[in-house]
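Participant: got a predicted model here, sequence first, then my questions.
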Amino acid sequence: MALMLKRQRNGALRDDWYGVYTESDGKRKVINLNVKIIGTPPASKLVGDAGDPEFEESRKRAQSKLDGFIEEARRKGRADHLSERLIESKTGRVVEHVLIDQLVVHP
């Protein structure tokens with residue numbers, strides 16, 4: 001679960017951030033996050049090194065998108081997730097879960 005800077009064949013950096021994660025079956029996946037790299041990356045061109053403030057802001061946006069993608073990948077395929085998506089598509093509202101002890105009982 002990390003960010004990645006990929007290079008073109010000529011050695012130049014690609015325009016977008018990439019994310020790397022491992023699926024539940026152990027397969028490593030690399031995805032394009034469709035977040036543009038802006039600002040000046042570090043001279044070393046390594047993800048762990050700091051760039052200018054604009055670069056760091058684009059890194060934060062990319063990390064946020066990767067985190068959301070990983071969370072969605074974890075949920076995908078489970079029965080409760082599929083039920084939630086069906087309810088959301090039919091009602092247009094996000095499913096809210098309530099604990100039983102928080103339910104109000106009318107006499």
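Facilitator: Yep, it's here.

Participant: the lengthiest strand in the chain packs against which elements?
Facilitator: Secondary structure of the chain per DSSP state E: the longest strand is strand 28-36. Judged by 3 or more C-beta pairs under 8 Å, 6 or more residues apart in numbering; DSSP states H and E, strand 28-36 is in contact with strand 16-22, helix 53-75. C-beta here means a position set from N, CA and C on the backbone, and glycine is covered the same way.

Participant: tell me the most buried of the ones you listed?
Facilitator: strand 16-22 (a mean of 17; mean count of other C-beta atoms under 10 Å).

Participant: direction included, what does that one pair against?
Facilitator: strand 2-4 (antiparallel), strand 28-36 (antiparallel) (DSSP bridges).

Participant: tell me the gap between the last one and the middle of its chain.
Facilitator: This points to strand 28-36. 9 Å (C-alpha atoms, centre = their mean, to the nearest Å).

Participant: swap in the first one?
Facilitator: Strand 2-4 has its C-alpha centroid displaced from the chain centroid by 11 Å (C-alpha atoms, centre = their mean).

Participant: next one: stretch 85-95
Facilitator: 21 Å.

Participant: so what touches that stretch?
Facilitator: For stretch 85-95, contacts defined as C-beta atoms under 8 Å, 6 or more residues apart in numbering pick out residue 84.

Participant: can you tell me how far the residue sitting nearest the centre point of the chain is from residue 4?
Facilitator: Centroid check for the chain by C-alpha atoms, centre = their mean gives residue 66 as the closest residue, at 2.2 Å. Per C-beta to C-beta, to the nearest Å, residue 66 is found 10 Å from residue 4.

Participant: what is in contact with the two at once?
Facilitator: Common neighbours of residue 66 and residue 4 (C-beta under 8 Å, 6+ apart) are residue 19.
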